[in-house]
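J.: Provide a 3D model corresponding to the input given below.
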Amino acid sequence: MTGERPEGDGANDRRPHARDELRRGGVVWLAYATAVRHLIRLAVPAVAVFLPIGLLAASALVLLADGSAAVVNDDFELIGAPDMSLLAWSAAVLVVLVAGQTVALPATVMLATGRLVGKDVSTSDAMRAAARRWPATAVLVLVGVVAFTAALAAGLGILMWTGAQVTAYAVMAVLALAAMPCLLAVAPMVLEGRSARGSLARAYRLTAGASWATPLTLAFGVVLLPALAARAVNWAVSGLPIVPAVAGFVLALITVPFQAAVIARLFLHRLVLKGTINEFKEIVDGLPASTPRPVRRVPVLMALILPGLLYCGAVLINPLGWLVVSETAVTENWSRGPDSQVSEEDGRPKPQLHASDLQALHVGPGGRMVMLMDDSAEAKLLTCMDINCTQTRFTWAEPVGVAGRFTAAGARLADGRLVVSTWTQEGADEDGLILDYDKWRAWLRLLICDATACIPAPGGKPITEVTSSVQHRTVALAARPGGGLLVAQLHDHPFSARDIDKESLSITTCDDPACTHPRTKEIAKLPADRYRVDRRGLVVGVGPDDRPVVLRFDRDTGSIFVISCADPACARTRLGQPVREGSPDYSDHAHRADTAMVVQADGRPLVAHLDVSDGAIKLLDCHTRECSKADSVTLAEPGRNTAPAMVLDRNGRALVAYQDLDRERIVIATCTGTRCTRTPVTTIRRGGGNRLAMALNGQGRPVITWMDVAGWDDWDLVVTTPLNLP
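T.: Next up, the predicted model:
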């Protein structure tokens, strides 16, 4: 090598020094150092190729994502599962990006090679040379995709066939490393003008003698270290608005120079070790002879940050009027395991939250939100200490020893406190097991709760006494306009009764929240609901004129009964049945959803219900208080829909929230009568759940609390607030 005398002025020839430099080990770190020193120049091809592609792709996305785009926690997000148009857009963008990479990467390899051998190459010449080799590069990409897909398929096949994870991962790793020289083939293709087949042969010949070192160098320098750097940056800026997306844009553009520098240096390193002086000379002489113009750093830097600037403007200024959403995963850092700590107040274990606990959401003074949690144990209260529910207080609502397994009901009083139903009992041991069924008794009582604790209603009397543990004890509560309370309750008839297939509906009228003078009256006999697992399906409301309206949803048949009272004491009633019996579908979530009702200013109810025959969610705009006739509109098409919740906003519009599990999203339908607008507000990331609650916060905005459940220990309680709902 030292005996070669190149043509031209030997004093100015830097090739001998370059060959000596390229013999050094530590290819990855030396290549990264080169990329850092010349980052601006080496980033030009990636910026020139990917910036226009990104801008065009973003423009197309804005047009295609109409109705599903939102700004969630100050970041752009597409809500729900993508439809076919978005999938087609994603596939097209992927193809165009790969095509762009077949020009940007080879051009950057040529520029990096020039830097390594001390020969200046202009960006335009490098990109023209890469563009001329585009067909060969496309073949290399295809070969690489096939090779890495085969490695993945082989590993997954072994995993499915034998279940041996270590073996499967080992096979995938070995096959992936065997395919790594496909990346090295980019260098001989663009630097020596070889065909795809010739480039692959050249790469594997140079790999000989370093069969593990060369693939590992490519794996770390081109794939793993850039991926780890991206993950590290994402971790460092996680939780910050906008910054992760901006950092991602910049990293995507500057990763190419580092990858190209590794490929170029490794190719020249192996060539110096295994090739001849003439081969090295031909590569250097084959580089375009040009005088590159000085790189204008400011335009390149501006181009690097331009996507981030545009993204910041789109998110912060929101010129397109996207939905803006604030969302908090309340239980993100909560322990799912048993908690052995003991409360200092009464010696009880601290309450545990379960995926099926969410029952209702209420908003008190100052917009403070309180969630009633209950399933089969004592009821609990989760209080949000701030508007976004980032800080919470989780306490017991019911005392020790109440009759469990019966869901508590709640209602918000005018002063912001919460009234909660509870069943006290006698004849049971400390674990709630009934010792003597003949002596067992339970009484329906009330608790008054503020943000810190619940106490028995002062002076309150038992509303109901039951003597059988299997008696139907479905309860619903509603606050009266004058400060009193209304309690609706269902009762099973004894087996000896003539109408055993019916159940009694009663209401208890209270003049004060403690219900010190309860007045109970049976107002209807209805077909018994044999679907007892949920123990729900009863809703009570009170109009501005203090006249009660009660709704009963029969999950077994899908029937809806509405009972209205002609006066506050309910001396006379009217019964309507706006939905008749259907053929329920027991196959999925449809049979487990609740029915929601609100009473409008004129006393007429609005009812949101799930059609048990096909899973569609419908809204009934009742013509009369008993809803004997109603206009109907379908809010969610047949499918897997769950848990409608409904409130009236300050303009009197009905807001109906539900989970669209087929499209992996939560939707709010905003309705004036039966004219409704549907707005997706957030994405269901795990699997959703059977519980969803909604209320208006202190600013009059709807707040949705819901459970996103993937498994018994993989779930989150989520609070979602649309800030600019149409």
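
J.: what separation do you get for residue 408 and residue 360?
T.: 9 Å (Cβ to Cβ, to the nearest Å). For the C-beta atoms, the positions are set from N, CA and C on the backbone; glycine is no exception.

J.: overlap in contacts of these two?
T.: Here residue 408 and residue 360 have residue 372 as joint contacts, going by Cβ atoms under 8 Å, 6 or more residues apart in numbering.

J.: so residue 477 is in contact with residue 419, correct?
T.: Yes. Using Cβ atoms under 8 Å, residue 477 is in contact with residue 419, at 6.2 Å.

J.: quick one: common contacting residues for these two?
T.: 410-411, 485.

J.: show me what residue 550 bridges to in the sheet.
T.: Assessed by DSSP bridges, residue 550 has beta-bridge partners residue 540, residue 563.

J.: and it, what is it in contact with?
T.: 476, 488, 505, 507, 523-524, 538-541, 562-564.

J.: show the subsequent helix or strand relative to the strand or helix carrying residue 43.
T.: Assigned by DSSP states H and E, residue 43 belongs to helix 39-64. For helix 39-64, the succeeding helix or strand toward the C-terminus, using DSSP H and E, is strand 69-72.

J.: who does that following strand pair up with?
T.: In its sheet, and by DSSP bridges, strand 69-72 pairs with strand 75-78 (antiparallel), strand 323-329 (parallel).

J.: any idea which helix or strand comes after the longest one?
T.: Same thing as strand 323-329. Assigned by DSSP H and E, the successor of strand 323-329 is strand 358-363.

J.: now the first one
T.: Using DSSP H and E, the helix or strand that follows strand 75-78 in sequence is helix 84-117.

J.: other SSEs contacting that next one?
T.: Contacts defined by 3 or more Cβ pairs under 8 Å, 6 or more residues apart in numbering; DSSP states H and E place helix 84-117 against helix 15-22, helix 27-37, helix 39-64, helix 123-132, helix 134-162, helix 186-191, helix 243-274, helix 277-286.

J.: any idea which of those helices is most buried?
T.: helix 186-191 (a mean of 26; mean count of other Cβ atoms under 10 Å).

J.: quick one: distance of that one to the chain centre.
T.: Put simply, helix 186-191 sits 43 Å off its chain's centre (Cα atoms, centre = their mean, to the nearest Å).

J.: give the other helices and strands that it contacts.
T.: Using 3+ Cβ pairs under 8 Å, 6+ apart, helix 186-191 is in contact with helix 84-117, helix 134-162, helix 196-207, helix 243-274.

J.: what sits up against the third one?
T.: With Cβ under 8 Å, 6+ apart as the test, helix 196-207 has contacts from 136-137, 139-140, 143, 181-182, 184-189, 192, 194, 214-215, 267, 270-271, 274-275.

J.: now that helix against helix 243-274, angle please.
T.: Calculated by axes from the mean of the first three to the mean of the last three Cα atoms, to 10 degrees, helix 196-207 forms an angle of 70 degrees with helix 243-274.

J.: in the helix or strand just after helix 196-207, what's buried?
T.: Per DSSP H and E, helix 196-207 leads on to helix 213-218 as the next helix or strand towards the C-terminus. Across helix 213-218, burial judged by 16 or more other Cβ atoms under 10 Å covers 214-215, 217-218.
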